[in-house]
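**Student:** model the structure of this input:
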Amino acid sequence: MADLFGNDAAPARDDAPREDAPLADRLRPRALGEVIGQEHLTGPKGAIGRMVASGKLSSMVLWGPPGTGKTSTARLLADAVGMRFVAISAVFSGVADLKKAFAEADRMAAAGRKTLLFVDEIHRFNRAQQDGFLPFVERGTVTLVGATTENPSFELNAALLSRAQVLILHRLDAEALGKLLDRAEALEGPLPLTDEARAALIASADGDGRFLLNQAETLYNANIDAPLGPAELGLFLQRRVAVYDKDREGHYNLISALHKSLRGSDPQAALYYLARMLTAGEEPLYVLRRLVRFASEDIGLADPQALTQCLAAKDAYEFLGSPEGELAIVQACLYCATAPKSNAAYAAQKAAFRSAKETGSLMPPQNILNAPTKLMKEIGYGAGYAYDHDADDGFSGDDYWPEEMEPQTYYAPVERGFERKVKERIAYWDNLRRERRDAS
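**Tutor:** Below is the predicted model of the structure:
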């Protein structure tokens, strides 16, 4: 795979790129200090900077979005400490390629030359293939530098992760992307853009430096006479699709952000993350399932209508389809964000389930057991049951807990929304229960 500056994963070379090479290749950095946007790693106090200063590299995994310089960083690392650079891609390589690379590294180690093995898209190797790296990393045959756009904790073996330092490359911000364009303009001349259109071009890159330089090259090749404004630029360049893998970390990050914005009663932020998911192609029914869950977990009886609103939104979406039905999802999202919050039902569920597992198969008291047969009646099932509706206030105050178990409190309503009334009712019944027990 190509790196931030257009290089294919191949051994380092000292010759300059050809004049007709892609712009990204011609702008690739020649030293670690030229890598843009990753100073937290490459600077003197960064992990990579310190390794280079000591002349000793440890195995590492470079984790970051596309176009942030993972391949360039690995290549320049090898140059900086005088190591042999070998690169393979998990997309195109198999076991035979790995065996060949390890065998050659063994031979070079015997001759006193250390090897930095760069593995692009390392998360695409299966678990068994990842395990195959371990003996060679442990005995120092290779210093492994893996690159991945996916969360290593999800995609890489724990054994491999324990032998490698995970270094996070940041998405390039507007300042870093602006520096890339400055370099391009120093080489090729001013871009045919107004200041506003230049800012729009940077925003469209979504943190991906390689994409930005490719777009800039398209503009240069078009021989545009008059500078384009934002509207003309939008017509000229295809709109970039948001980066969003529905089964990967981006999916979990956004749904987490949506959930926490709802919990924090911030309807504006919740709408933003909802829009991020839906415009990136998330399945609307998945979002609706999460809203239904939220209504039970974080609102509960503080506003019982929240669950009804979410289920109604699901019905409306299935009835109307997209895009009309998405307004119902927005309505449910806003209702949940602005509703009073309580996790009392959620906490009660966890506590009750834990208690049920701990107490096993305790029998309920006999007076509240059903007695459908004569034998069961004869042995006392249902005897002495107090029918609550026979009481003047519709409350018997009976004890419904197993004899071997003290009464428990799982559900503790909060002083918010409808649960305030629920709390008052429970307190009223608890008080009646105590009075009748004291009187008996």
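**Student:** all contacts plus neighbour counts: C-alpha atoms, from now on.
**Tutor:** Will do.
**Student:** okay, helices next: where are they in the stretch 101-250 of the chain?
**Tutor:** With helices called from DSSP state H, counting those that start in this stretch, the stretch 101-250 of the chain shows them at 127-131, 134-138, 152-155, 158-161, 174-188, 195-204, 209-221, 230-236, 249-263.
**Student:** and of these, who's closest to Gly384?
**Tutor:** Each of these has some distance to Gly384 by C-alpha to C-alpha; the shortest is helix 249-263, at 46.4 Å.
**Student:** residues of the closest one that come out buried?
**Tutor:** 249-250, 254-255, 257-263 (16 or more other C-alpha atoms under 10 Å).
**Student:** now the angle from the helix or strand just after that helix to helix 249-263?
**Tutor:** Counting by DSSP states H and E, the next helix or strand C-terminal to helix 249-263 is helix 267-279. Relative orientation of helix 267-279 versus helix 249-263 (axes from the mean of the first three to the mean of the last three C-alpha atoms, to 10 degrees): 150 degrees.
**Student:** which strands or helices does helix 267-279 pack on?
**Tutor:** helix 249-263, helix 326-338 (3 or more C-alpha pairs under 8 Å, 6 or more residues apart in numbering; DSSP states H and E).
**Student:** for Met83, which of these is the nearest?
**Tutor:** Using C-alpha to C-alpha, the helices and strands packed on helix 267-279 put helix 249-263 closest to Met83, at 33.1 Å.
**Student:** can you give me the neighbour number for the residue nearest to Leu169 when sequence neighbours are not counted?
**Tutor:** Counting by C-alpha to C-alpha, 6 or more residues apart in numbering, Leu169 lies nearest to Gly64, which is 4.7 Å off, once chain neighbours are set aside. Gly64 has 19 neighbouring residues, counting by other C-alpha atoms under 10 Å.
**Student:** and what of Ala111?
**Tutor:** 9.
**Student:** contact partners for it?
**Tutor:** Not one residue lies near Ala111 by C-alpha atoms under 8 Å, 6 or more residues apart in numbering.
**Student:** tell me the pLDDT of His377.
**Tutor:** One correction, residue 377 is Lys, not His. pLDDT, Lys377: 84.
**Student:** chain center to the helix or strand hosting it: distance?
**Tutor:** Assigned by DSSP H and E, Lys377 falls within helix 374-378. Chain-centre distance of helix 374-378: 59 Å, with C-alpha atoms, centre = their mean, to the nearest Å.
**Student:** hmm, back to that, in TSV: the helices and strands packed on helix 267-279, plus mean pLDDT and distance to Ala164.
**Tutor:** Converted to TSV, the helices and strands packed on helix 267-279 look like this (pLDDT from 0 to 100; distance: least, C-alpha to C-alpha, whole Å):
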stretch	mean pLDDT	distance to Ala164
helix 249-263	88	20
helix 326-338	96	41
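**Student:** need the ones you listed in CSV (columns: distance to Ser72).
**Tutor:** Shown next, in CSV, are the helices and strands packed on helix 267-279 (distance: least, C-alpha to C-alpha, whole Å):
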stretch, distance to Ser72
helix 249-263, 24
helix 326-338, 42
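**Student:** Ser162: which of those helices is closest?
**Tutor:** helix 249-263 (20.7 Å).
**Student:** can you list contacts of that closest one?
**Tutor:** 150-151, 244-245, 267, 269-271, 273-274, 276-277, 294, 298, 333, 336-338, 341.
**Student:** hang on, the earlier thing: which residues touch the residue nearest to Leu169?
**Tutor:** 70, 147-150, 168-171.
**Student:** about what we covered before: now do the buried residues in the helix or strand following the helix holding Lys377.
**Tutor:** Per DSSP H and E, helix 374-378 leads on to helix 419-439 as the next helix or strand towards the C-terminus. The neighbour-count criterion (16+ other C-alpha under 10 Å) identifies 419, 421-423, 432-433 as the buried residues of helix 419-439.
**Student:** for Asp399, phi and psi?
**Tutor:** phi -100, psi 120 (degrees, to the nearest 10).
**Student:** got TSV for the buried residues of helix 419-439, with distance to Gly380 and pLDDT too?
**Tutor:** TSV is the format used below for these (distance: C-alpha to C-alpha, whole Å; pLDDT from 0 to 100):
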residue	distance to Gly380	pLDDT
Glu419	38	94
Lys421	38	94
Val422	35	94
Lys423	35	94
Leu432	27	91
Arg433	24	89
